[in-house]
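Peer 1: Generate a structure from the sequence data that follows.
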Amino acid sequence: MPNFGFGNKLLYYFNLRQKAYLNQVDFHCVFFDGLDLFKGNMQGLELRDDFETLEPCLGEKFFEKIPLDSIETFQLNSRSELNEKKCSIHFRGTDFHTWNPDSILSTEYYISAIEEISGEVDNFVLLTDDQNLESYKKTLEFLESRKISYSKGENTSHRERFKTDFVTMCESDFIISSPSTFCISAGFSHKRKKIIHSKRWITSRTSQRDNFWVNLWEGGNDNYKIWKTF
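Peer 2: From the prediction side, this is the model:
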């Protein structure tokens with residue numbers, strides 16, 4: 001397993017499962033932290049002598065012609081009994097500032113999405129790795145000024161505490177997403193959700209012919225698709 005973050009590891013893992021499924025062969029994956037969140041035999045068969053390795057690949061391989069069902073693949077071991085409609089709002093900062101400034105999404109994006117669905121949601125959950133983000137602080141102020149019910153996730157900049165935030169997003173009915181694969185992978189895991197993305201970000205990536213975002217903008221598939229953009 002390459003030295004990826006958890007979201008990228010799940011993308012890479014799912015590409016392995018997709019390839020095995022499409023070629024009707026067995027698979028094996030080494031254990032990585034977080035794989036234990038899911039039901040079933042996630043590591044596959046014990047490694048044999050006759051095998052080939054999967055080259056590192058991420059979103060460019062996600063939308064295969066004959067998709068394996070990601071919701072069934074990534075079923076959580078434990079499930080909360082929720083009687084409320086929940087929306088996770090994900091903010092990604094830290095290294096994204098230097099990776100691609102366009103990936104730091106605007107306050108306007110988040111507030112527009114909240115306003116669109118506030119009548120359908122009982123509780124919003126804010127999750128971030130960077131509590132100094134302007135959009136995070138302004139969105140928090142907006143929720144408080146409108147007396148909209150919200151809670152906060154754990155700070156996922158602490159890698160050892162990522163699981164709680166991931167499970168929260170997996171169990172949500174809506175996700176106001178960021179470009180982070182940590183958030184995107186939760187979007188295609190455990191249950192089908194209504195996914196909201198930034199139109200400005202998608203326009204930026206499709207203009208660069210980023211295969212994942214081009215395929216997503218063209219409709220995605222049953223594993224992962226856009227519900228609305230703002």
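Peer 1: and this structure, what are its domains?
Peer 2: 6-73, 86-229 (automatic domain parsing).
Peer 1: Which one of these lies nearest to Ser80?
Peer 2: Ranking the domains of the chain by their distance to Ser80 (criterion: CB to CB) puts domain 86-229 first, at 5.8 Å. The C-beta positions use only the backbone N, C-alpha and C, and glycine is treated the same way.
Peer 1: ok so, going back, of the domains of the chain, which stretch is the most buried?
Peer 2: Highest mean neighbour count of the domains of the chain: domain 86-229, a mean of 18 (counted as mean count of other CB atoms under 10 Å).
Peer 1: helices or strands up against the lengthiest helix in the chain?
Peer 2: In terms of residue count, the longest helix belonging to the chain (DSSP state H) is helix 6-23. Under the contact definition 3 or more CB pairs under 8 Å, 6 or more residues apart in numbering; DSSP states H and E, helix 6-23 sits against helix 70-73, helix 181-187.
Peer 1: can you redo the ones you listed as JSON lines with mean pLDDT?
Peer 2: Output for those, formatted as JSON lines (pLDDT from 0 to 100):
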{"stretch": "helix 70-73", "mean pLDDT": "97"}
{"stretch": "helix 181-187", "mean pLDDT": "96"}
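Peer 1: Which one of those helices lies nearest to Val30?
Peer 2: Closest among the helices and strands packed on helix 6-23, using CB to CB: helix 70-73, at 17.1 Å.
Peer 1: sorry, back to before: can I get the helices and strands packed on helix 6-23 in CSV including distance to Pro56?
Peer 2: Output for the helices and strands packed on helix 6-23, formatted as CSV (distance: least, CB to CB, whole Å):
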stretch, distance to Pro56
helix 70-73, 19
helix 181-187, 13
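Peer 1: Which of these sits closest to Glu60?
Peer 2: Across those, closest to Glu60 is helix 181-187 (CB to CB), at 12.3 Å.
Peer 1: Could you point out the helix or strand that follows the closest one?
Peer 2: strand 194-197 (DSSP states H and E).
Peer 1: That following strand pairs with which strands, parallel or anti?
Peer 2: strand 174-176 (parallel), strand 228-229 (parallel) (DSSP bridges).
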